[in-house]
Each structure stands twice: as C-alpha cells, then as structure tokens.
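Engineer: Here's a sequence, model it:
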Amino acid sequence: MSSETTQNLQSTFKQTLLALVENKPGVLNRVASLFRRRNFNVDSLTVGRTHKPHLSRMTIVVDVKRVDARIIVANLRKMVNVIDVQNISEQPHISRDLALIKVRTNDPESRNAVTTICEHYPARIVDIGTQVAIVEITAREDIVEELIDELRPIGIVELVRTGVVAMGRGTRILDSSYEPRVFANGTQAGLERYGV
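Structural biologist: Next comes the predicted model:
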C-alpha cells in the first residue's frame, strides 16, 4: 500500500469537531471525562479563549474507527457548559498544527541537511547552537508529519506539538450570542443555572 493511500485511509478515520464552551474552571476536565467514560479515542484536543472572554473554543480531532462522529457530537451537546458543537470535517476549513522540533546539528552535514529540508516546507530554524537546532513549523497536520519524517534520520532530540486548531472558511462561523447572567452580588449564572 502506498504512503499516499495510507495517509488518505488515516484521514478518513479522523474527524475534526469544534466545541464552543463556557470559559469556566472544570469544563475541560468534564469534556475529557466524557471521552474517557465513553471510550472515545482523541487524536488531539486544543482549547483556548475566543474574542469573547466568557467563551472558550475546543478543537477536537477524534479517531472514528470504532464510533461514529455523530454520537460524539450528540454526547458533547448534552453537556452542561457546552454551547455549540460542529463537525467541520466535510466542510471547507483551515486547520493548523504547530510543532517545535529539536534536531541534532553537531556537524556541517546535519546543519546543511536541516536547512535544506526547511526550505521545502513552511518551516524555519528559530534557534541554532553547536549541538542542536530548533525548527518551527505551522502547517496542516499531514505536512507537519512529513517534515518530522524527513528530520528523523538526522536525529530528533525533542519534539512538542500544539495539536490541531481549525476554523471554517468564509461565512462558516462558530460563535454565540450567549452572555452569562450577572447578579447584583457579582456572581455569574452559566448554562447550568438556566437549565439550558
């Protein structure tokens, strides 16, 4: 089986879900607990605040070999603190993964090889010393994987990745008019107090 066929096969088993959630302590833990309890396999999970301070956005890449993505979406929608969930796998979208890769560069050949490889990718050397260099890449997950495979023979010493973040193209917007209710004493009521 060719590497392209294998890659296409692997990508059909991965689905990208976007979840808009309340920006509150414990929300990430509850979502992770749902995946653990239901035995859903998570390939990557990233979370961060949005342009609205009371909302966070999760990008979850799931392995759907054993369970349909619609079941995962339905389970997420039932959760308290989850405002909206979308599966954007079949929609036009932009996705990016960031990786920092520390590579052995203790001789001229390895330095030249790393520089040459970086020229073929949206990658750059952000730190270089006498022993190692750090390469940074921000690209689609498959391109990041290709770069890692090319750098591996040179000698990867350390690797860290952010996980995938994704956004629908054009007017495909995941946002909400949800605002937490603030009481006179300054406390906020979230979705759990509204029973939504």
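
Engineer: Could you check how far the nearest residue to Phe13 once chain neighbours are set aside is from Ile154?
Structural biologist: Sequence neighbours aside, Lys65 is the residue nearest to Phe13 in space, at 4.9 Å (criterion: C-beta to C-beta, 6 or more residues apart in numbering). Backbone N, C-alpha and C define where each C-beta goes, glycine included. Distance, Lys65 to Ile154, by C-beta to C-beta, to the nearest Å: 32 Å.

Engineer: Looking at those two, which is more packed in?
Structural biologist: Taking other C-beta atoms under 10 Å, Lys65 and Ile154 do not tie; Ile154 has more neighbours (17 against 10).

Engineer: Now do the same contact list for the more buried one.
Structural biologist: The contact partners of Ile154, by C-beta atoms under 8 Å, 6 or more residues apart in numbering, come to 103-105, 110, 113-114, 117.

Engineer: Gln131 versus the residue nearest the centre of the chain, what's the distance?
Structural biologist: The centroid of the chain falls nearest to Val164 when counting by C-alpha atoms, centre = their mean (2.3 Å). Val164 is 31 Å from Gln131, where distance means C-beta to C-beta.

Engineer: One more: Arg111?
Structural biologist: The gap separating Arg111 from Gln131 is 11 Å, by C-beta to C-beta.

Engineer: higher neighbour count, those two?
Structural biologist: Set side by side, Arg111 and Gln131 show more neighbours around Arg111, with 18 against 11, by other C-beta under 10 Å.

Engineer: Arg38 is in contact with Ala32, correct?
Structural biologist: No. Between Ala32 and Arg38 no contact is recorded; they are 11.2 Å apart, counting by C-beta atoms under 8 Å.

Engineer: can you pull the pLDDT of Thr171?
Structural biologist: On pLDDT, Thr171 comes in at 79.

Engineer: Now the phi/psi pair for it, please.
Structural biologist: phi -90, psi 10 (degrees, to the nearest 10).

Engineer: That one: neighbour count?
Structural biologist: Look at Thr171: counted by other C-beta under 10 Å, it has 5 neighbours.

Engineer: what do you get for Leu20?
Structural biologist: The burial count for Leu20: 19, using other C-beta under 10 Å.

Engineer: does it sit in a helix or strand, and which one?
Structural biologist: Using DSSP states H and E, Leu20 falls within strand 14-22.

Engineer: For that strand, buried residues please.
Structural biologist: Judged by neighbour count using 16 or more other C-beta atoms under 10 Å, the buried positions of strand 14-22 are 14-22.

Engineer: do stretch 31-38 as well
Structural biologist: So for stretch 31-38, counting by 16+ other C-beta under 10 Å, buried means 31, 34-35.

Engineer: Cool, thanks, talk later.
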